[in-house]
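1. I'd like to go over a predicted model; first the sequence, then the structure.
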Amino acid sequence: MPTRDELRARLFLFAALPLVKIVREDDKIMRTITRNMTGVVQFESKDSDLAAHLVFANDTLEVKRGKHEHPTVSFIFKNLQGLNDFFGGKPALPAAVKGLYRLDLIARTVPLLLSLKLLMPNADPKKPEKRALKVKLLIYMITTALSQLNKAGEEGMVKMTKTSPDRIYQWVVQGEGAPSAYLRMKAGKTKSGRGVYTRRRPFVLMKFSDIEGAYQVLTSKAALVDAVKKGYVVTEGAMEYSKEIGLRMQFVEELLA
Amino acid sequence: MAKGLTWTIDDADHMTQAEIYGEVLTKLGYEYKNLVALTADLAGSTKIGRFQKDFPDRFFNVGIAEMNLFGMASGMAASGLLPVVSTFAAFAALRCAEHVRTDVCYQKRNVKIIATHSGTSFGQAGTTHHCTEDLAVMRAMSGMTVIAPADAYETARAVVAAMEWDGPVYIRIGRSFEPPLHKNMDSFDFEIGKAIKLREGTDITVIATGRTVPGAVEAAEMAANEGLSVKVLDLHTIKPIDVEAIMEAVMETRRIITVEDHNVYSGMGSAVADVIAASGKGCVLKKLGLQDEFSIVGYPDDLLHYYKMDADGIVEAIGQVMKMDFEADEDWEDEI
């Protein structure tokens, strides 16, 4: 059984951190700051193999799981708790920073990391484009987080996936260019994906009316019953399972809080 | 509401598919003045005795001479009449295959064939009176429309629709006390070539035809108790086949079970397989029916169970198919 710190670290490293790529694609300022960056920036902890690294090369950014053999910069935390505090927005510093001399790389990476503060419950942007970005990040993060919980062996998620036939749980925000993501599960395996799964009909479909409707629901500004009444969200498919996936989503929220 | 049809569920309780067909035909006799009924010494068994009573001059019993039945019907159609031929499926599709092909289909004659006692529905009469090949034979005949209604109400709607359908039509019905599927005549839409969606589902689709449809619905309900979401299609028209409904099922569930009281070779399941193969889309397909064998002798319901075409058999097949992979996509890395 994974510990709570292990689960949290997985979610931060494998579900939240990869979203810097989305921020960079969406945000012109972030693209400018990180233009032509080269190097590998890693996040790791002394007490665990859980790690992730950002690879900047040829004006692209890739986020990889695991440890890089020769990172340019590595933020090494004393333990997973420290790493979790750092990503959770609490005052925390790494025990060591390898490659500290590459201040340019660090200085340009930090704004990217800070951009993830948009995911925090207290971040309530007013600009429509920022609200749209927050919705996109949340939808992508939730689906990946659910899959990562299963991969980590989290009891509740494993119980749900172990006997599941090949099924799709789909989240869709209506409107042109609005984000969508899905979670596929089959006999204990899961995969999160972006967009609409087109190979079959979803087993459960959570359809948000528009960006604002999704924003209200995903940030818990509107209680689910009210959200349904106001038409922010419509759920189609197996009701028992949509309730179950809703509970797992709540668990993700608790872990990241 | 189908024209002139006013039966309720109470009537259906004591009316078989064949009985209600006889009732409908008589009603239609008043509406279509050119309608004539033909049989080969089976007026009683095919339940068209009432038509004979009401329209003695428009009823023709050719005696035990089934091939003549179709030759005469073809000639009558050529002279502007609307012939409805009633006989056992085994005679219509097998004994008279050449005559149906050459006299009716090749001549593009507007003849309606009502084939009773199809599949294993005449179970205790033995293999000679079963007919588990007719869908294969009839769907291979150019220009033939092939329908297998699920219950008495659907039979009534199919017979009415056939009157307005241009060209030869083969309607395959049973003989025994087929359970009613629909609540009444108005509780469903019926259109030749359009499958009836009886139940929505996302895990698997059961496509059934004829008297296996009620079992498919029951199986879906049983599977739902196990947490499975089963879609059910009543594919009453085998030709022209409802490509849209089949492909919707493929894309929605990627797992299909077909059920037919017929040999699995070249019947409804094969027709569905043709559609899927032509689409280029991948899906798991399992065909329930007689697995290339002649039926044993027994009561119709027992035969459905024996050949796993009833609810129990369909549930068993659902369990098997749910364990099968429907695609080669085994990449389980999260997209980031």
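-> On my side now, so go ahead.

2. tell me where chain B has helices.
-> For chain B, applying DSSP state H gives helices covering B:9-13, B:17-31, B:49-54, B:66-78, B:89, B:97-99, B:134-139, B:152-163, B:213-225, B:243-253, B:268-279, B:300-306, B:311-322.

3. okay, these in CSV with mean neighbour count next?
-> Using the backbone N, CA and C atoms, a C-beta is placed for each residue, glycine as well. Converted to CSV, these look like this (neighbours: other CB atoms under 10 Å in any protein chain shown):
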stretch, mean neighbour count
helix B:9-13, 15
helix B:17-31, 22
helix B:49-54, 17
helix B:66-78, 21
helix B:89, 31
helix B:97-99, 16
helix B:134-139, 24
helix B:152-163, 25
helix B:213-225, 21
helix B:243-253, 20
helix B:268-279, 19
helix B:300-306, 19
helix B:311-322, 19
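
4. quick one, which of those gets closest to B:E335.
-> helix B:243-253 (21.1 Å; CB to CB).

5. got the CA positions of that closest one in CSV?
-> Provided in CSV are the C-alpha atoms of helix B:243-253 (Å, rounded to 0.1, in the frame of the first residue of the first chain):
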residue,chain,number,x,y,z
VAL,B,243,-26.1,-0.1,-41.4
GLU,B,244,-26.4,3.0,-39.4
ALA,B,245,-27.7,1.2,-36.3
ILE,B,246,-25.1,-1.5,-36.5
MET,B,247,-22.2,0.9,-36.9
GLU,B,248,-23.5,3.0,-34.1
ALA,B,249,-23.4,-0.1,-31.9
VAL,B,250,-19.9,-0.9,-33.1
MET,B,251,-18.6,2.5,-32.3
GLU,B,252,-20.4,2.7,-29.0
THR,B,253,-19.6,-0.6,-27.5
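
6. so is that helix next to chain A?
-> Yes - for helix B:243-253, a contact with chain A is found by CB under 8 Å from any CB of the partner chain, at B:251-253.

7. ok, and the closest non-adjacent residue to residue 224?
-> Going with chain A. A:V217 (7.1 Å; CB to CB, 6 or more residues apart in numbering or on different chains).

8. sorry, I should have been clearer: chain B.
-> Nearest one to B:A224, counting by CB to CB, 6+ apart, is B:V230 at 6.6 Å.

9. got a pLDDT number for A:L7?
-> A:L7 is assigned a predicted lDDT (pLDDT) of 96.

10. neighbours around it, how many?
-> Per other CB atoms under 10 Å in any protein chain shown, the neighbour tally for A:L7 reads 24.

11. specify the local secondary structure of it.
-> Secondary structure, DSSP: H, G, I helix; E, B strand; the rest coil: A:L7 is helix.

12. test my guess that it contacts A:L146.
-> No - the pair A:L7 and A:L146 does not pass the contact test of CB atoms under 8 Å, sitting 11.8 Å apart.

13. list phi and psi for the residue nearest to the spatial centre of chain B.
-> Nearest residue to the geometric centre of chain B (CA atoms, centre = their mean): B:A148, 1.2 Å. Here is the backbone geometry of B:A148 (degrees, to the nearest 10): phi -130, psi 90.

14. show me the contacts for it.
-> With CB atoms under 8 Å, 6 or more residues apart in numbering or on different chains as the criterion, the residues that contact B:A148 are B:118, B:135, B:171-173, B:209-210, B:236, B:238, B:260, B:268.

15. please tell me how far A:D27 sits from chain B.
-> 18 Å (CB to the nearest CB, to the nearest Å).

16. cool, and A:P91?
-> Taking CB to the nearest CB, one finds A:P91 at 28 Å from chain B.

17. contacting residues around the residue nearest to B:A224?
-> B:199, B:201, B:203-206, B:219-220, B:223-224, B:318.

18. go on, A:D104?
-> A:D104 touches nothing, counting by CB under 8 Å, 6+ apart.

19. where does it fall, secondary structure wise?
-> Using DSSP states H and E, A:D104 sits in helix A:103-115.

20. run the chain-centre distance for that helix.
-> Chain-centre distance of helix A:103-115: 19 Å, with CA atoms, centre = their mean, to the nearest Å.

21. so what does the next helix or strand after it touch, helix or strand wise?
-> Reading on from helix A:103-115 to the C-terminus, the next helix or strand found by DSSP H and E is helix A:128-152. Helices and strands touching helix A:128-152, as assessed by 3 or more CB pairs under 8 Å, 6 or more residues apart in numbering or on different chains; DSSP states H and E, comprise helix A:4-10, helix A:20-26, helix A:155-162, strand A:167-173, strand A:180-186, strand A:189-194, helix A:211-218, helix A:239-256.

22. which residues of the stretch 151-300 of chain B score low on pLDDT?
-> Applying pLDDT under 70 to the stretch 151-300 of chain B picks out residues B:176-177.

23. quick one: contacts for the closest residue to chain A within the stretch 51-200 of chain B?
-> Nearest residue of the stretch 51-200 of chain B to chain A: B:E200, at 9.1 Å (CB to the nearest CB). Applying CB under 8 Å, 6+ apart to B:E200 gives the contacts B:229, B:231.

24. if you set the cut-off to 10 Å instead, what comes out?
-> By CB atoms under 10 Å, 6 or more residues apart in numbering or on different chains, the contact set of B:E200 is A:201, A:236-237, B:220, B:229-232, B:252.

25. which one among these gets closest to B:R50?
-> B:V232 (33.7 Å).

26. what residues are bridge-paired with the closest one?
-> In this entry, B:V232 is beta-bridged to B:R199, B:V206, by DSSP bridges.

27. just the pLDDT for the nearest residue to B:F59 once chain neighbours are set aside.
-> Distances taken as CB to CB, 6+ apart put B:Q52 closest to B:F59, at 4.2 Å, once the chain neighbours are dropped. We have a pLDDT of 91 for B:Q52.

28. residues touching A:L116, list them.
-> A:12, A:16-17, A:19-20, A:23, A:87, A:89, A:123, A:137, A:141.

29. how close does it get to A:N122?
-> Distance, A:L116 to A:N122, using CB to CB, to the nearest Å: 13 Å.

30. returning to that earlier point: which residues touch the residue nearest to A:L224?
-> Counted by CB under 10 Å, 6+ apart, A:V217 has contacts A:135, A:138, A:173, A:206, A:208-209, A:223-224, A:226-228, A:230, A:232-233.

31. is any part of stretch A:184-194 close to chain B?
-> Yes - judged by CB under 10 Å from any CB of the partner chain, stretch A:184-194 comes into contact with chain B through A:184-194.

32. out of the residues you listed, which comes closest to A:D59?
-> A:R194 (21.5 Å).

33. hmm, that closest one is touching A:Y140, no?
-> Yes - counting by CB atoms under 10 Å, A:R194 does reach A:Y140; the two are 6.4 Å apart.
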